[in-house]
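Colleague: What shape does this take:
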Amino acid sequence: MTYPIPASPLSPQDPADTRPQPARTFRHARYVSRSGKSGSRTETGRLIIVSNRIAHPGDVHCGRLATILRGVLRAHGGLWFGWSGTVGSASRLVASHDRRDGFDMAAMDLDATDHDTFCNGFSARVLHPLLHNRLHDMEFSRDDMAAWFHLNARFAEHLKKQLRSNDRIWINDLHMLPMVGKLRELGVDNRIGLFLHEALPACNVLASLPCHDEVLKSLSECDLLGVQTPRDVHALREYLTRFHGAVGGRGDRLRVGGRRLRLAAFPVGIDVERMADLARRAEARVLFRRFRVKLGSHKLLLGIDRPDHSKGLCQRLHAVDHLLRQSPQLAGTFTMLQISPSVRYDMPHCRDLDREICRHISDINGRHAGPDWAPVRYVKKDFRQQVLAGYLRAADVGLMTPLRDGMTLVAKEYVACQNPSDPGVLVLSRFSGAACELTDALQVNPMDIGDMAAGMRTAMRMSLHERRARWESLMDVLHRQDLRRWGSDFLDALSRPPAVKRQSATASSMRMV
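Modeller: Numbers count the residues shown, from 1 in each chain. A predicted model of the protein is given here:
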């Protein structure tokens, strides 16, 4: 089965994306772990990545998670399993091979009922609000929960048919959590790692989920649990200890029931060089040269976020309004461009949020605009990554200010896309996962409108010397923990059983002495 690459009216298919790729064989390939030890993929089997969405080449509707997982498979090979993104007349499994990047795919097409369960059911109505501390938005239903478990069981049954005895299974996010328990029920004893991309709330918030012990039981059946930050490690460790009887071992080891598992932070990185290259090539295109000319001397403030309450879009707009009220002399000196992909506009709360955003923008532009200038532009459109890289490159200020987020990868992409001789300034929410690493960004509290406005003002007035110094420091962080390092660290941890038994034996012998 082949998947067509949709053409973009703003960005024609880049020849570099379609050039013939050299044939690659992963059977005897080697990889280097964080510890510096090399290993053969024949020793540990294939990598099986499971995610709620598979990204086909050129798919502009997939999110950043699918994009980074494609990058991991590009580096390590293996099989990608998940939803194909297609809604058909019947749910079915479709196998294919990615000729460009050299890995296999086993994708599930979903019928309309399964698609509604998968995208608009328990995950969207319960888990998403829970993880973002919006308990008042949860719409718990036992029927939704049962449908979620049932669909994940079907995914697990299809995946089991694809498995070999020494494959490593890497499941991404809570959408697919019940698959772990079902795979164990089906007799799968392969090593399973689960990575949680969203930020985790405090232990008591997790426990406020109805039937939380049943919903989150599969956490204890993994061999490896990966999260974004140390604070996420703390939250999950406390939850497993209090509600699932976990006993802490040394370092990142835990024992839950009869299973030994590891719990550790693996901050997600990006393909730094690829993003920088996309930005350089985009900058040379006529489209972006014209865009920059139209901006003239205006500073460009850029936000790129899906329509979600957790992204803090309304708070960001209030901060722009506050900035212009407090500093009216800034009128006509900058333009804020907010790009919101349309991936979630099929959900009611996204439509409501979109209407709220449009009202705010109308009020702000009506209050502060002139005949030849408006402070805010709002674009609801899906762009290819090459095009987004061009906008990131052009932006003088990156506004990445979610109320709560697992990592905020777009913040890292913004840094990677900057021109080294004249870099822009990253204004970053201190409640994003990236804030733990990108300490030289201008960090703000997105709930404090005045603090955000002050951050915007400081960013627009920052000297070239300080901008360069901050950017160089941020780039050092990106290079140290890039996409390849993230994938290798997680797979290295997944491939090595935790040494709990040996340590326990040593401890026992010491007690006997």
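Colleague: outside of the longest helix belonging to the chain, which residues touch it?
Modeller: Scanning the chain for the helix with the most residues, using DSSP state H, yields helix 348-368. With contacts defined as C-beta atoms under 8 Å, 6 or more residues apart in numbering, helix 348-368 is touched by 137, 307-309, 313-314, 317-318, 320-321, 324, 331, 338, 340, 344-345, 374-376, 378, 380. C-beta: built from backbone N, CA, C; applies to glycine.
Colleague: Of those residues, which belong to helices?
Modeller: Among the contacts of helix 348-368, the members found in helices (DSSP H) are 313-314, 317-318, 320-321, 324.
Colleague: hey, what's residue 425 bridged with?
Modeller: Beta-bridge pairing for residue 425 (DSSP bridges): residue 397.
Colleague: Find me the pLDDT at it, would you?
Modeller: Note for residue 425: predicted pLDDT of 98.
Colleague: that older thread, now the contacts of helix 348-368: which count as buried?
Modeller: For the contacts of helix 348-368, a neighbour count by 16 or more other C-beta atoms under 10 Å gives the buried set as 307-309, 313, 317-318, 320-321, 324, 338, 340, 344, 374-376, 378.
Colleague: In the residues you listed, find the pair that's most separated.
Modeller: Using C-beta to C-beta, these span at most 29.3 Å, a distance reached by 324 and 344.
Colleague: hang on, the earlier thing: just the closest of the buried ones among the contacts of helix 348-368 to residue 409, please.
Modeller: Looking across the buried ones among the contacts of helix 348-368 and measuring by C-beta to C-beta, the closest to residue 409 is residue 308, at 14.5 Å.
Colleague: how close does that closest one sit to residue 342?
Modeller: Distance, residue 308 to residue 342, using C-beta to C-beta, to the nearest Å: 12 Å.
Colleague: same thing with residue 469?
Modeller: Residue 469 is 38 Å from residue 342, by C-beta to C-beta.
Colleague: so what's the nearest residue to residue 315 once chain neighbours are set aside up against?
Modeller: Spatially, and ignoring its direct neighbours in sequence, residue 315 is nearest to residue 446 (5.2 Å; C-beta to C-beta, 6 or more residues apart in numbering). By C-beta under 8 Å, 6+ apart, the contact list for residue 446 reads 312, 315-316, 401-403, 429, 431, 452.
Colleague: and if you look at residue 86?
Modeller: 107, 109-110.
Colleague: Residue 145: neighbour count?
Modeller: Other residues lying near residue 145 total 19 when counted by other C-beta atoms under 10 Å.
Colleague: where's it, which helix or strand?
Modeller: Assigned by DSSP states H and E, residue 145 falls within helix 142-160.
Colleague: got the contact list for that helix?
Modeller: Against helix 142-160 from outside (C-beta under 8 Å, 6+ apart): 48, 50, 81-82, 91, 93, 106, 108, 114, 117-118, 121-123, 125-126, 169, 176-179, 182-183, 186, 188, 211, 215.
Colleague: Let's see that with 6 Å instead.
Modeller: Contact partners of helix 142-160, identified using C-beta atoms under 6 Å, 6 or more residues apart in numbering, comprise 81, 93, 114, 117, 121-122, 178-179, 182-183, 186, 188.
Colleague: Repeat that for stretch 230-240.
Modeller: 200, 202-203, 206, 227, 246, 263, 265.
Colleague: do stretch 217-225 as well
Modeller: With C-beta under 6 Å, 6+ apart as the criterion, stretch 217-225 contacts 177-178, 180-181, 184, 191-194, 244, 256, 261-263, 493-494.
Colleague: swap in stretch 187-206?
Modeller: Contacts of stretch 187-206 (C-beta under 6 Å, 6+ apart): 65, 131, 133, 160, 167-173, 180, 222-227, 232, 235-236, 238-239, 404, 406, 494.
Colleague: residues contacting the residue nearest to the spatial centre of the chain?
Modeller: With distances taken as C-alpha atoms, centre = their mean, residue 65 lies nearest the centre of the chain, 4.3 Å away. Residue 65 is in contact with residue 197, counting by C-beta under 6 Å, 6+ apart.
Colleague: give me the low-pLDDT residue ranges for the stretch 1-150 of the chain?
Modeller: Counting by pLDDT under 70, the ranges of the stretch 1-150 of the chain that qualify are 1-44, 57-62.
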